[in-house]
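J.: From the sequence below, what's the structure:
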Amino acid sequence: VKISDSKYISHWLFFIMIFVFLFRMYFSYGIFGFNDDFSYKTVFNIEQIISDPLNMQFNLYYYLLSFFYYLFPFFLTLKIINNIIAVLIILLNYKIAKYITNEENSSLLVALISGFIPIFVIETFNSLNSFNLFLFLFVFQIYNFISFKNKYNIHFYLFILITIILPFVSPLSILLAFSLLLFLALAFIEGLDVVKHKVDLIIFTSIYLIWAQFLIYKNLFLNFGPDVIYQNIPNSLIENYFIDTSLRSMIFEIGFIPLVFGIFIIYFFIFKKQRFLLSLFPFFLVFLFLIFFRLISLKIGLILIGELFVLIFMFFFKLALDWIKNSKFDRVWYVFLLCFFFIFLFSSYIPIQSQLIEISHDKEIENNEYLYEFIKENLKGKKILADYKYGFFIQSVGAISMLDQDFYKLKNSQKILTDIKIFYSFTSSVSSLRILEKYDVDYFLINKNILKSYGQESFKIENDLCFKDTKSFVKIYDDGFNQIYKGNCLL
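T.: So this is what the prediction gives:
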(Lines give C-alpha, C1' and ligand atoms only; values in the text may rest on other atoms or scores of the structure.)
Protein backbone atom coordinates (compact mmCIF):
# COMPACT_ATOMS: atom_id res chain seq x y z
CA VAL A 1 0.00 0.00 0.00
CA LYS A 2 1.40 3.42 -0.95
CA ILE A 3 1.14 6.36 1.41
CA SER A 4 0.03 8.47 -1.51
CA ASP A 5 -3.18 6.47 -2.05
CA SER A 6 -5.91 9.00 -1.37
CA LYS A 7 -8.02 6.72 0.81
CA TYR A 8 -5.11 6.30 3.24
CA ILE A 9 -4.13 9.96 3.49
CA SER A 10 -6.76 10.81 6.11
CA HIS A 11 -5.61 7.82 8.16
CA TRP A 12 -2.00 8.95 8.08
CA LEU A 13 -2.98 12.53 8.94
CA PHE A 14 -5.15 11.34 11.82
CA PHE A 15 -2.29 9.16 13.06
CA ILE A 16 0.14 12.12 13.01
CA MET A 17 -2.30 14.32 14.95
CA ILE A 18 -3.01 11.62 17.54
CA PHE A 19 0.70 10.88 17.93
CA VAL A 20 1.55 14.56 18.48
CA PHE A 21 -1.35 14.95 20.94
CA LEU A 22 -0.33 11.89 22.98
CA PHE A 23 3.32 12.98 22.91
CA ARG A 24 2.41 16.40 24.36
CA MET A 25 -0.04 14.97 26.89
CA TYR A 26 2.39 12.30 28.11
CA PHE A 27 4.74 14.97 29.43
CA SER A 28 2.01 17.42 30.45
CA TYR A 29 0.09 14.81 32.46
CA GLY A 30 3.16 13.99 34.57
CA ILE A 31 3.50 17.60 35.79
CA PHE A 32 1.32 19.13 38.48
CA GLY A 33 -0.08 22.46 37.38
CA PHE A 34 1.59 24.39 34.61
CA ASN A 35 5.04 25.48 33.50
CA ASP A 36 4.66 29.25 33.57
CA ASP A 37 3.01 31.80 35.80
CA PHE A 38 0.76 33.19 33.03
CA SER A 39 -1.09 29.86 33.01
CA TYR A 40 -2.26 30.52 36.56
CA LYS A 41 -3.54 33.91 35.43
CA THR A 42 -5.69 31.98 32.97
CA VAL A 43 -6.89 29.66 35.78
CA PHE A 44 -7.74 32.70 37.92
CA ASN A 45 -9.73 34.35 35.11
CA ILE A 46 -11.52 31.08 34.32
CA GLU A 47 -12.66 30.77 37.94
CA GLN A 48 -13.76 34.42 37.90
CA ILE A 49 -15.91 33.77 34.82
CA ILE A 50 -17.45 30.63 36.35
CA SER A 51 -18.36 32.50 39.55
CA ASP A 52 -19.65 35.50 37.57
CA PRO A 53 -20.45 34.70 33.90
CA LEU A 54 -21.13 38.38 33.19
CA ASN A 55 -17.63 39.31 34.31
CA MET A 56 -16.30 41.31 31.37
CA GLN A 57 -13.22 39.50 30.11
CA PHE A 58 -12.06 40.61 26.67
CA ASN A 59 -10.62 37.21 25.92
CA LEU A 60 -12.60 34.44 24.25
CA TYR A 61 -9.89 31.95 25.18
CA TYR A 62 -10.91 32.26 28.83
CA TYR A 63 -14.58 31.67 27.99
CA LEU A 64 -13.76 28.65 25.86
CA LEU A 65 -11.74 27.01 28.65
CA SER A 66 -14.21 28.03 31.36
CA PHE A 67 -17.00 26.11 29.57
CA PHE A 68 -15.07 22.83 29.77
CA TYR A 69 -13.62 23.60 33.21
CA TYR A 70 -17.13 24.16 34.55
CA LEU A 71 -18.14 20.68 33.36
CA PHE A 72 -14.89 19.00 34.45
CA PRO A 73 -13.10 21.14 37.06
CA PHE A 74 -9.63 19.63 36.80
CA PHE A 75 -6.32 20.98 35.52
CA LEU A 76 -6.20 17.95 33.22
CA THR A 77 -9.30 19.26 31.38
CA LEU A 78 -7.53 22.52 30.59
CA LYS A 79 -4.40 20.69 29.45
CA ILE A 80 -6.40 18.47 27.08
CA ILE A 81 -8.28 21.38 25.46
CA ASN A 82 -5.10 23.43 25.14
CA ASN A 83 -3.24 20.60 23.42
CA ILE A 84 -6.18 19.83 21.13
CA ILE A 85 -6.01 23.44 19.88
CA ALA A 86 -2.27 23.04 19.25
CA VAL A 87 -2.80 19.79 17.34
CA LEU A 88 -5.50 21.32 15.13
CA ILE A 89 -2.82 23.63 13.72
CA ILE A 90 -1.32 20.50 12.13
CA LEU A 91 -4.54 19.98 10.18
CA LEU A 92 -4.46 23.56 8.90
CA ASN A 93 -0.82 23.23 7.83
CA TYR A 94 -1.70 20.07 5.91
CA LYS A 95 -4.63 21.84 4.23
CA ILE A 96 -2.45 24.78 3.20
CA ALA A 97 0.28 22.47 1.91
CA LYS A 98 -2.22 20.36 -0.02
CA TYR A 99 -3.83 23.46 -1.55
CA ILE A 100 -0.51 24.94 -2.66
CA THR A 101 1.40 21.84 -3.76
CA ASN A 102 -1.44 19.48 -4.68
CA GLU A 103 1.00 16.80 -3.50
CA GLU A 104 -0.04 14.58 -0.61
CA ASN A 105 3.35 13.17 0.44
CA SER A 106 4.94 16.58 0.97
CA SER A 107 1.77 17.79 2.70
CA LEU A 108 1.97 14.92 5.21
CA LEU A 109 5.63 15.69 5.88
CA VAL A 110 4.75 19.35 6.45
CA ALA A 111 2.03 18.23 8.88
CA LEU A 112 4.51 16.07 10.80
CA ILE A 113 7.18 18.79 10.98
CA SER A 114 4.64 21.43 12.06
CA GLY A 115 3.71 19.27 15.04
CA PHE A 116 7.28 19.37 16.30
CA ILE A 117 8.46 22.97 16.02
CA PRO A 118 10.75 22.81 19.09
CA ILE A 119 10.05 26.18 20.68
CA PHE A 120 6.29 25.87 20.09
CA VAL A 121 6.09 22.42 21.71
CA ILE A 122 8.28 23.40 24.68
CA GLU A 123 6.47 26.66 25.35
CA THR A 124 2.90 25.37 24.95
CA PHE A 125 2.69 21.66 25.87
CA ASN A 126 1.94 22.50 29.51
CA SER A 127 0.97 26.18 29.44
CA LEU A 128 -2.35 27.98 29.20
CA ASN A 129 -1.93 31.02 27.01
CA SER A 130 -4.32 32.69 24.59
CA PHE A 131 -1.41 32.76 22.12
CA ASN A 132 -2.18 29.09 21.41
CA LEU A 133 -5.69 29.91 20.17
CA PHE A 134 -4.41 33.02 18.42
CA LEU A 135 -1.86 31.00 16.44
CA PHE A 136 -4.56 28.53 15.38
CA LEU A 137 -6.84 31.34 14.16
CA PHE A 138 -3.91 33.18 12.56
CA VAL A 139 -2.93 30.12 10.49
CA PHE A 140 -6.63 29.61 9.69
CA GLN A 141 -6.71 33.16 8.33
CA ILE A 142 -3.72 32.46 6.08
CA TYR A 143 -5.53 29.38 4.76
CA ASN A 144 -8.74 31.34 4.16
CA PHE A 145 -6.89 34.22 2.51
CA ILE A 146 -5.12 32.06 -0.09
CA SER A 147 -8.18 29.83 -0.65
CA PHE A 148 -11.05 32.11 -1.54
CA LYS A 149 -11.47 33.20 -5.15
CA ASN A 150 -14.73 35.13 -4.93
CA LYS A 151 -17.12 36.63 -2.41
CA TYR A 152 -19.36 33.60 -2.36
CA ASN A 153 -16.61 31.21 -1.30
CA ILE A 154 -17.01 29.85 2.25
CA HIS A 155 -13.44 30.90 3.03
CA PHE A 156 -14.41 34.51 2.38
CA TYR A 157 -17.04 34.40 5.12
CA LEU A 158 -14.80 32.43 7.48
CA PHE A 159 -12.13 35.09 7.02
CA ILE A 160 -14.59 37.84 8.02
CA LEU A 161 -15.88 35.84 11.00
CA ILE A 162 -12.40 35.12 12.39
CA THR A 163 -11.33 38.72 11.77
CA ILE A 164 -14.22 39.90 13.97
CA ILE A 165 -13.36 37.61 16.89
CA LEU A 166 -9.54 37.79 16.63
CA PRO A 167 -9.11 41.03 18.68
CA PHE A 168 -10.95 39.32 21.54
CA VAL A 169 -8.37 36.53 21.62
CA SER A 170 -5.06 38.40 21.60
CA PRO A 171 -3.69 41.91 20.97
CA LEU A 172 -1.32 40.21 18.51
CA SER A 173 -4.24 40.19 16.08
CA ILE A 174 -2.98 43.55 14.84
CA LEU A 175 -0.13 41.61 13.15
CA LEU A 176 -2.66 40.41 10.60
CA ALA A 177 -3.53 43.99 9.67
CA PHE A 178 0.10 45.05 9.22
CA SER A 179 0.93 41.90 7.20
CA LEU A 180 -2.02 42.27 4.83
CA LEU A 181 -1.31 45.96 4.22
CA LEU A 182 2.31 45.10 3.45
CA PHE A 183 1.11 42.37 1.09
CA LEU A 184 -0.99 44.95 -0.76
CA ALA A 185 1.98 47.31 -0.98
CA LEU A 186 4.31 44.60 -2.31
CA ALA A 187 1.71 43.45 -4.84
CA PHE A 188 1.41 47.04 -6.08
CA ILE A 189 5.20 47.43 -6.33
CA GLU A 190 5.54 44.14 -8.23
CA GLY A 191 2.65 45.02 -10.54
CA LEU A 192 0.60 41.97 -9.56
CA ASP A 193 -3.16 42.08 -9.94
CA VAL A 194 -5.16 41.59 -6.74
CA VAL A 195 -8.88 41.00 -7.22
CA LYS A 196 -11.05 43.87 -5.98
CA HIS A 197 -12.88 41.93 -3.29
CA LYS A 198 -9.52 40.93 -1.76
CA VAL A 199 -8.43 44.57 -1.69
CA ASP A 200 -11.72 45.52 -0.03
CA LEU A 201 -11.32 42.72 2.49
CA ILE A 202 -7.76 43.77 3.36
CA ILE A 203 -8.86 47.38 3.91
CA PHE A 204 -11.84 46.31 6.05
CA THR A 205 -9.70 43.88 8.09
CA SER A 206 -6.97 46.42 8.73
CA ILE A 207 -9.31 49.24 9.77
CA TYR A 208 -11.37 46.94 12.00
CA LEU A 209 -8.41 45.30 13.77
CA ILE A 210 -6.68 48.63 14.50
CA TRP A 211 -9.95 50.20 15.68
CA ALA A 212 -10.77 47.18 17.87
CA GLN A 213 -7.35 47.31 19.56
CA PHE A 214 -7.82 50.96 20.51
CA LEU A 215 -11.36 50.27 21.71
CA ILE A 216 -10.41 47.30 23.91
CA TYR A 217 -7.22 48.81 25.33
CA LYS A 218 -8.16 52.50 25.31
CA ASN A 219 -7.72 52.85 29.09
CA LEU A 220 -4.19 51.48 28.86
CA PHE A 221 -3.38 53.87 26.01
CA LEU A 222 -4.72 56.79 28.07
CA ASN A 223 -2.78 55.79 31.20
CA PHE A 224 0.55 54.80 29.69
CA GLY A 225 0.57 56.30 26.19
CA PRO A 226 3.16 54.73 23.84
CA ASP A 227 4.68 52.78 26.78
CA VAL A 228 1.69 50.43 26.59
CA ILE A 229 3.48 48.77 23.64
CA TYR A 230 6.08 47.54 26.14
CA GLN A 231 3.31 46.62 28.63
CA ASN A 232 4.85 49.00 31.21
CA ILE A 233 7.56 46.38 31.85
CA PRO A 234 10.15 47.79 34.28
CA ASN A 235 13.36 48.87 32.56
CA SER A 236 15.40 46.38 34.56
CA LEU A 237 13.38 43.51 33.04
CA ILE A 238 13.23 44.65 29.43
CA GLU A 239 16.44 42.79 28.56
CA ASN A 240 15.05 39.54 30.00
CA TYR A 241 11.87 39.83 27.93
CA PHE A 242 13.64 40.61 24.67
CA ILE A 243 16.92 38.70 24.94
CA ASP A 244 19.14 38.17 21.93
CA THR A 245 19.65 34.76 20.37
CA SER A 246 22.32 32.99 18.34
CA LEU A 247 22.00 31.10 15.07
CA ARG A 248 22.67 27.85 16.93
CA SER A 249 19.80 28.42 19.37
CA MET A 250 17.49 29.46 16.50
CA ILE A 251 18.21 26.17 14.73
CA PHE A 252 17.17 24.29 17.85
CA GLU A 253 14.15 26.47 18.67
CA ILE A 254 12.67 26.61 15.16
CA GLY A 255 14.03 23.32 13.83
CA PHE A 256 16.76 22.66 11.28
CA ILE A 257 14.49 21.76 8.35
CA PRO A 258 12.04 24.71 8.41
CA LEU A 259 14.75 27.26 9.28
CA VAL A 260 17.41 26.31 6.72
CA PHE A 261 15.07 25.56 3.83
CA GLY A 262 12.77 28.46 4.76
CA ILE A 263 15.70 30.87 4.39
CA PHE A 264 16.59 29.24 1.05
CA ILE A 265 13.07 29.76 -0.27
CA ILE A 266 13.01 33.40 0.88
CA TYR A 267 16.21 33.88 -1.10
CA PHE A 268 14.48 32.13 -4.01
CA PHE A 269 11.51 34.50 -3.69
CA ILE A 270 13.70 37.59 -4.06
CA PHE A 271 14.68 36.48 -7.56
CA LYS A 272 11.66 34.45 -8.74
CA LYS A 273 8.83 36.38 -7.03
CA GLN A 274 6.37 33.49 -6.75
CA ARG A 275 2.82 34.61 -5.99
CA PHE A 276 2.31 32.19 -3.08
CA LEU A 277 5.55 33.33 -1.47
CA LEU A 278 4.41 36.92 -1.91
CA SER A 279 1.43 36.05 0.30
CA LEU A 280 3.71 34.86 3.12
CA PHE A 281 6.71 37.17 2.71
CA PRO A 282 4.95 40.20 4.32
CA PHE A 283 4.27 38.14 7.45
CA PHE A 284 7.97 37.29 7.65
CA LEU A 285 8.96 40.97 7.31
CA VAL A 286 6.47 42.08 9.97
CA PHE A 287 7.67 39.41 12.42
CA LEU A 288 11.30 40.38 11.86
CA PHE A 289 10.50 44.07 12.31
CA LEU A 290 8.68 43.48 15.61
CA ILE A 291 11.46 41.25 16.96
CA PHE A 292 14.20 43.67 15.90
CA PHE A 293 12.52 46.63 17.61
CA ARG A 294 11.55 44.48 20.60
CA LEU A 295 7.82 45.03 20.16
CA ILE A 296 7.10 41.34 20.83
CA SER A 297 9.04 38.88 22.97
CA LEU A 298 11.66 36.75 21.25
CA LYS A 299 9.86 33.51 22.14
CA ILE A 300 6.61 34.60 20.48
CA GLY A 301 8.54 35.93 17.49
CA LEU A 302 10.41 32.65 17.01
CA ILE A 303 7.21 30.61 17.27
CA LEU A 304 5.57 32.78 14.59
CA ILE A 305 8.63 32.57 12.32
CA GLY A 306 8.87 28.82 12.92
CA GLU A 307 5.25 28.33 11.84
CA LEU A 308 5.80 30.55 8.81
CA PHE A 309 8.95 28.66 7.80
CA VAL A 310 7.03 25.38 7.96
CA LEU A 311 4.58 26.79 5.42
CA ILE A 312 7.44 28.13 3.28
CA PHE A 313 9.28 24.79 3.50
CA MET A 314 6.45 23.05 1.66
CA PHE A 315 7.32 25.10 -1.41
CA PHE A 316 10.94 23.90 -1.34
CA PHE A 317 9.83 20.31 -0.85
CA LYS A 318 7.51 20.50 -3.84
CA LEU A 319 10.29 21.91 -6.04
CA ALA A 320 12.70 19.19 -4.89
CA LEU A 321 10.14 16.39 -5.32
CA ASP A 322 9.17 17.61 -8.80
CA TRP A 323 12.84 17.72 -9.82
CA ILE A 324 13.44 14.16 -8.57
CA LYS A 325 10.33 12.78 -10.28
CA ASN A 326 11.46 14.33 -13.57
CA SER A 327 14.99 12.94 -13.25
CA LYS A 328 16.52 9.48 -13.44
CA PHE A 329 15.98 9.15 -9.69
CA ASP A 330 12.20 9.17 -10.00
CA ARG A 331 11.90 5.51 -8.93
CA VAL A 332 13.59 6.14 -5.60
CA TRP A 333 11.83 9.36 -4.60
CA TYR A 334 10.92 7.69 -1.31
CA VAL A 335 14.64 7.66 -0.38
CA PHE A 336 14.55 11.44 -0.56
CA LEU A 337 11.49 11.42 1.70
CA LEU A 338 13.21 9.06 4.12
CA CYS A 339 16.30 11.30 4.31
CA PHE A 340 14.17 14.25 5.30
CA PHE A 341 12.42 12.14 7.92
CA PHE A 342 15.72 11.22 9.59
CA ILE A 343 16.95 14.82 9.47
CA PHE A 344 13.71 15.79 11.19
CA LEU A 345 14.10 12.97 13.73
CA PHE A 346 17.57 14.04 14.87
CA SER A 347 17.12 17.81 14.57
CA SER A 348 13.67 18.22 16.12
CA TYR A 349 11.99 15.19 17.69
CA ILE A 350 14.88 13.84 19.79
CA PRO A 351 15.99 17.29 21.09
CA ILE A 352 12.37 18.12 21.99
CA GLN A 353 11.96 14.85 23.86
CA SER A 354 15.20 15.42 25.80
CA GLN A 355 14.14 18.95 26.71
CA LEU A 356 10.69 17.85 27.90
CA ILE A 357 12.20 15.11 30.06
CA GLU A 358 14.45 17.72 31.67
CA ILE A 359 11.52 20.10 32.25
CA SER A 360 9.44 17.29 33.79
CA HIS A 361 12.31 16.43 36.14
CA ASP A 362 12.72 20.07 37.23
CA LYS A 363 8.98 20.45 37.87
CA GLU A 364 8.97 17.26 39.94
CA ILE A 365 11.74 18.71 42.12
CA GLU A 366 9.87 22.00 42.54
CA ASN A 367 6.96 20.10 44.12
CA ASN A 368 4.41 22.90 43.61
CA GLU A 369 1.42 20.66 44.35
CA TYR A 370 1.90 20.78 48.13
CA LEU A 371 2.68 24.51 48.03
CA TYR A 372 -0.51 25.11 46.02
CA GLU A 373 -2.65 23.22 48.55
CA PHE A 374 -1.00 24.85 51.58
CA ILE A 375 -1.58 28.42 50.37
CA LYS A 376 -5.13 27.54 49.32
CA GLU A 377 -6.01 26.09 52.73
CA ASN A 378 -4.04 28.38 55.05
CA LEU A 379 -3.22 31.71 53.41
CA LYS A 380 -6.31 32.60 51.38
CA GLY A 381 -6.80 36.37 51.42
CA LYS A 382 -3.30 36.92 52.85
CA LYS A 383 -0.70 39.06 51.09
CA ILE A 384 2.51 37.26 50.10
CA LEU A 385 5.80 38.72 48.91
CA ALA A 386 7.39 36.63 46.16
CA ASP A 387 9.27 37.00 42.92
CA TYR A 388 7.01 38.52 40.24
CA LYS A 389 7.11 35.21 38.33
CA TYR A 390 4.99 33.65 41.10
CA GLY A 391 2.38 36.42 41.24
CA PHE A 392 -0.40 34.71 39.29
CA PHE A 393 0.31 31.36 40.98
CA ILE A 394 -0.36 33.00 44.35
CA GLN A 395 -3.50 34.77 43.12
CA SER A 396 -4.95 31.59 41.58
CA VAL A 397 -5.28 30.02 45.06
CA GLY A 398 -6.97 33.03 46.61
CA ALA A 399 -3.98 34.80 48.17
CA ILE A 400 -2.74 38.28 47.23
CA SER A 401 0.59 38.75 45.48
CA MET A 402 2.72 41.84 45.96
CA LEU A 403 3.63 41.95 42.24
CA ASP A 404 2.75 39.94 39.14
CA GLN A 405 3.56 40.18 35.43
CA ASP A 406 0.61 42.45 34.63
CA PHE A 407 2.90 45.44 35.06
CA TYR A 408 0.46 47.73 33.27
CA LYS A 409 -1.83 47.57 36.32
CA LEU A 410 0.68 49.49 38.43
CA LYS A 411 2.42 52.74 37.59
CA ASN A 412 5.00 52.13 40.32
CA SER A 413 5.90 48.57 39.28
CA GLN A 414 9.58 49.54 38.92
CA LYS A 415 9.67 50.76 42.54
CA ILE A 416 7.97 47.59 43.83
CA LEU A 417 10.39 45.43 41.87
CA THR A 418 13.34 47.35 43.33
CA ASP A 419 12.01 46.80 46.87
CA ILE A 420 11.59 43.07 46.18
CA LYS A 421 15.23 42.91 45.04
CA ILE A 422 16.31 44.72 48.22
CA PHE A 423 14.25 42.29 50.29
CA TYR A 424 15.79 39.19 48.70
CA SER A 425 19.29 40.61 49.14
CA PHE A 426 18.81 39.82 52.87
CA THR A 427 21.23 42.54 53.94
CA SER A 428 19.54 42.91 57.32
CA SER A 429 16.40 41.86 59.10
CA VAL A 430 15.49 45.52 59.67
CA SER A 431 15.44 46.45 55.97
CA SER A 432 13.49 43.30 55.13
CA LEU A 433 10.93 43.93 57.86
CA ARG A 434 10.51 47.54 56.74
CA ILE A 435 9.63 46.38 53.24
CA LEU A 436 7.07 43.91 54.63
CA GLU A 437 5.57 46.69 56.74
CA LYS A 438 5.61 49.18 53.85
CA TYR A 439 3.45 46.92 51.67
CA ASP A 440 1.42 45.46 54.54
CA VAL A 441 2.79 41.95 53.88
CA ASP A 442 3.02 39.21 56.51
CA TYR A 443 4.43 36.31 54.49
CA PHE A 444 7.11 35.72 51.88
CA LEU A 445 8.05 32.81 49.64
CA ILE A 446 11.54 31.43 49.12
CA ASN A 447 12.86 28.60 46.98
CA LYS A 448 16.04 27.73 45.11
CA ASN A 449 14.85 29.35 41.88
CA ILE A 450 14.04 32.65 43.61
CA LEU A 451 17.32 32.69 45.49
CA LYS A 452 19.23 32.02 42.26
CA SER A 453 17.37 34.84 40.48
CA TYR A 454 18.58 37.31 43.10
CA GLY A 455 22.11 35.97 43.38
CA GLN A 456 21.65 34.23 46.73
CA GLU A 457 22.62 30.71 47.71
CA SER A 458 20.56 30.45 50.88
CA PHE A 459 18.24 32.42 53.14
CA LYS A 460 20.49 33.85 55.83
CA ILE A 461 20.31 37.22 57.54
CA GLU A 462 23.01 38.50 59.85
CA ASN A 463 21.79 39.48 63.33
CA ASP A 464 18.40 37.91 62.64
CA LEU A 465 17.01 38.93 66.02
CA CYS A 466 14.22 41.35 66.73
CA PHE A 467 14.08 41.58 70.52
CA LYS A 468 16.18 39.38 72.76
CA ASP A 469 15.65 35.80 71.60
CA THR A 470 12.80 36.56 69.20
CA LYS A 471 13.63 35.80 65.57
CA SER A 472 12.49 38.24 62.91
CA PHE A 473 11.03 35.51 60.69
CA VAL A 474 9.36 32.20 61.45
CA LYS A 475 9.15 29.35 58.96
CA ILE A 476 5.57 28.10 58.59
CA TYR A 477 5.98 25.85 55.54
CA ASP A 478 8.78 23.71 54.09
CA ASP A 479 8.47 20.96 51.48
CA GLY A 480 12.19 20.63 50.79
CA PHE A 481 12.12 23.05 47.85
CA ASN A 482 9.71 25.84 48.80
CA GLN A 483 9.60 27.65 52.14
CA ILE A 484 7.15 30.24 53.44
CA TYR A 485 8.14 32.56 56.28
CA LYS A 486 6.07 34.91 58.42
CA GLY A 487 7.29 38.24 59.67
CA ASN A 488 7.50 37.88 63.44
CA CYS A 489 8.36 41.37 64.56
CA LEU A 490 6.98 44.89 64.29
CA LEU A 491 9.36 47.83 63.91
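J.: measure Phe74 to Phe317 for me?
T.: 41 Å (Cβ to Cβ, to the nearest Å). In short, each C-beta sits where N, CA and C put it, glycine included.
J.: now Val110
T.: 7 Å.
J.: Can you pick out the residue with more neighbours from Phe74 and Phe317?
T.: Shown here are Phe74 and Phe317; by other Cβ atoms under 10 Å, Phe317 has more neighbours (24 against 10).
J.: so Val441 sits in a helix?
T.: No. Using DSSP: H, G, I helix; E, B strand; the rest coil, the assignment for Val441 is coil, not a helix.
J.: how far away is it from Ile89?
T.: Relative to Ile89, Val441 is positioned 42 Å away (Cβ to Cβ).
J.: and if you look at Leu137?
T.: Applying Cβ to Cβ, the value for Leu137 to Ile89 is 10 Å.
J.: quick one: which of those two has more around it?
T.: Ile89 (25 against 20).
J.: so where does that one fall, helix or strand?
T.: helix 75-101 (DSSP states H and E).
J.: Counting by contacts, list what that helix packs against.
T.: Secondary-structure packing of helix 75-101 (3 or more Cβ pairs under 8 Å, 6 or more residues apart in numbering; DSSP states H and E): helix 6-29, helix 37-51, helix 60-71, helix 104-114, helix 118-124, helix 130-147, helix 298-325.
J.: For the residue nearest to Gly381 when sequence neighbours are not counted, grab phi and psi.
T.: Leaving aside its sequence neighbours, Gly381 sits nearest to Gly398 (Cβ to Cβ, 6 or more residues apart in numbering; 6.5 Å). Gly398 adopts backbone torsions of phi 90, psi 0, taken as degrees, to the nearest 10.
J.: how about Gly398, what does it touch?
T.: Ile375, Lys376, Lys380, Gly381 (Cβ atoms under 8 Å, 6 or more residues apart in numbering).
J.: pLDDT value on it, please?
T.: You'll see Gly398 listed with a pLDDT of 90.
J.: now Leu161: how far from Lys95?
T.: For Leu161, the distance to Lys95 - Cβ to Cβ - is 17 Å.
J.: okay, those two: which has more neighbours?
T.: Between Leu161 and Lys95, counted using other Cβ under 10 Å, the more crowded position is Lys95 (17 against 11).
J.: Assess the claim that that one and Ile142 are in contact.
T.: No. Counting by Cβ atoms under 8 Å, Lys95 does not reach Ile142; the two are 10.3 Å apart.
J.: Where in the chain is the helix or strand with the lowest mean pLDDT?
T.: strand 465-467 (a mean of 53; mean pLDDT, DSSP states H and E).
J.: The stretch 351-491 of the chain: strands as residue ranges?
T.: 383-385, 400-401, 443-447, 465-467, 470-471, 473-478, 482-487 (DSSP state E, counting those that start in this stretch).
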